[in-house]
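[1] Got a sequence here, can you model it:
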Amino acid sequence: MITKALKNFNIRQIADSGQCFRMVPCDPNRSQTAYRVISGRHFLIIEQHGDEVTFHCPNDEFAFWEHYFDLETDYDAYIRAIDPMDDYLSKAAAFGNGIRILNQDLWEMIITFIISQQKTIPAIRALVETLSEKYGTRYKIPPTVSGYYYAFPSPEELNRASLDDLLALKLGYRAKYIKRTCEDVCSGKLDLDRLMKLNYADSMEVLLSCYGIGVKVANCICLFGLHHIGAFPVDTWIKKILLREYAPKSHCTGHVPETRLCEALIAENFSKYPGFAGVLQQYIFFYEREFSQKNTAGYERNQI
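    Predicted coordinates:
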């Protein structure tokens with residue numbers, strides 16, 4: 001067990017920021033201060049009270065979680081760099097300043113964000129757990145907690161599932177994308193080790209050549225699986241924000257085709273934050289969804 005005083009760290013905000021799906025409250029019916037986290041074969045109970053964060057894990061596991069939560073990065077520097085004239089972004093960053101971009105497993109993020117297409121967050125979470133329980137390796141939870149957990153299946157483990165097996169899990173059209181991705185990784189056609197060494201632009205090129213991966217999913221994989229924190233995924237929430245908050249005062253409106261307007265708005269308003277625009281994307285994404293949840297409960301009904 002290790003306790004740290006951490007700045008710009010809020011476990012609930014991270015868990016609800018749409019980037020991870022195996023970080024859940026230990027007791028959803030109580031105050032959400034303790035979470036169970038699974039990443040690969042690693043298991044953690046993390047608890048937060050104010051700035052004090054306790055990692056319930058063996059001491060030799062802490063280095064893994066320190067990297068996973070990106071604890072060595074100064075997120076306050078990103079917030080200080082925000083243009084004070086951008087009132088919306090400043091409010092969003094102040095509201096979600098405990099969010100960090102996690103260093104997650106690339107393979108898990110590829111499959112997770114293929115699943116995420118047109119799915120709600122609870123549905124994504126349920127399907128990730130189902131795949132883990134059916135095809136992943138079972139581990140005993142460390143002695144402080146009873147029971148078992150399942151690692152997300154490796155490419156070889158998941159490739160044992162047939163297309164019919166995946167369809168039976170209600171994955172729909174995503175089943176064929178997952179099956180092909182498993183085959184491509186197992187055959188070496190998609191080399192994950194090589195992908196992890198590429199820059200953002202080259203990573204996007206490789207991912208977009210994969211069956212079933214479009215621009216949004218590729219950007220999500222880059223941001224959450226490869227830690228290219230300059231990536232800026234555009235989903236229904238981000239598109240709404242860009243059109244509502246940035247289009248009315250933009251020089252692009254009327255001069256750029258509608259199909260490229262979001263891309264132009266991102267370039268106009270976020271290119272001033274080279275290398276970390278994806279962090280700011282998370283702030284506005286979380287800010288928008290939190291207010292939608294409070295006002296309409298739309299957060300649970302809409303896709304990420």
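[2] What ranges does the stretch 201-304 of the chain have for its helices?
    215-225, 236-241, 261-270, 277-296, 298-301 (DSSP state H, counting those that start in this stretch).
[3] Please determine how far the nearest residue to K272 once chain neighbours are set aside is located from A15.
    Distances taken as C-beta to C-beta, 6 or more residues apart in numbering place D83 nearest to K272, at 6.7 Å, with adjacent residues excluded. Just so you know, the C-beta spots here come from the backbone N, C-alpha and C atoms, and that holds for glycine as well. Distance, D83 to A15, using C-beta to C-beta, to the nearest Å: 29 Å.
[4] Neighbour count: those two, which is higher?
    A15 (20 against 11; other C-beta atoms under 10 Å).
[5] okay but the more buried one is in contact with V24, surely?
    Yes. Contact criterion C-beta atoms under 8 Å: A15 and V24 qualify, at 7.2 Å.
[6] For these two, list the residues in contact with both.
    Residues touching both A15 and V24 (C-beta atoms under 8 Å, 6 or more residues apart in numbering): Y35.
[7] any chance of the helices of the stretch 201-304 of the chain in TSV, with mean pLDDT, distance to I141 and mean neighbour count too?
    Listed next are the helices of the stretch 201-304 of the chain as TSV, based on pLDDT from 0 to 100; distance: least, C-beta to C-beta, whole Å; neighbours: other C-beta atoms under 10 Å:
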stretch	mean pLDDT	distance to I141	mean neighbour count
helix 215-225	96	25	24
helix 236-241	90	34	17
helix 261-270	92	41	19
helix 277-296	83	29	19
helix 298-301	39	28	14
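[8] Distance to H255 added to the ones you listed, as a markdown table?
    Shown next, in a markdown table, are those (distance: least, C-beta to C-beta, whole Å):
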| stretch | distance to H255 |
| --- | --- |
| helix 215-225 | 22 |
| helix 236-241 | 19 |
| helix 261-270 | 8 |
| helix 277-296 | 22 |
| helix 298-301 | 32 |
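[9] how about V185, what does it touch?
    Residues counted as contacts of V185 (C-beta under 8 Å, 6+ apart) are W107, P155, N159, L192.
[10] how about the nearest residue to the third one, chain neighbours excluded?
    This points to N159. With sequence-adjacent residues excluded and distances taken as C-beta to C-beta, 6+ apart, N159 is closest to C182, at 4.0 Å.
[11] That neighbour: neighbour count?
    Neighbour number of C182 under other C-beta under 10 Å is 24.
[12] Verify the stated contact: it with S162.
    No. In terms of C-beta under 8 Å, C182 does not count as a neighbour of S162; the distance is 10.6 Å.
[13] re earlier: I'd like to know how far the residue nearest to N159 sits from Y139.
    C182 sits at a distance of 22 Å from Y139 (criterion: C-beta to C-beta).
[14] Which parts of this structure belong to which domain?
    Following automatic domain parsing, the chain resolves into domains at 2-72, 106-225, 236-297.
[15] low-confidence ranges in the stretch 101-250 of the chain?
    Scanning the stretch 101-250 of the chain for pLDDT under 70 picks out 143-145.
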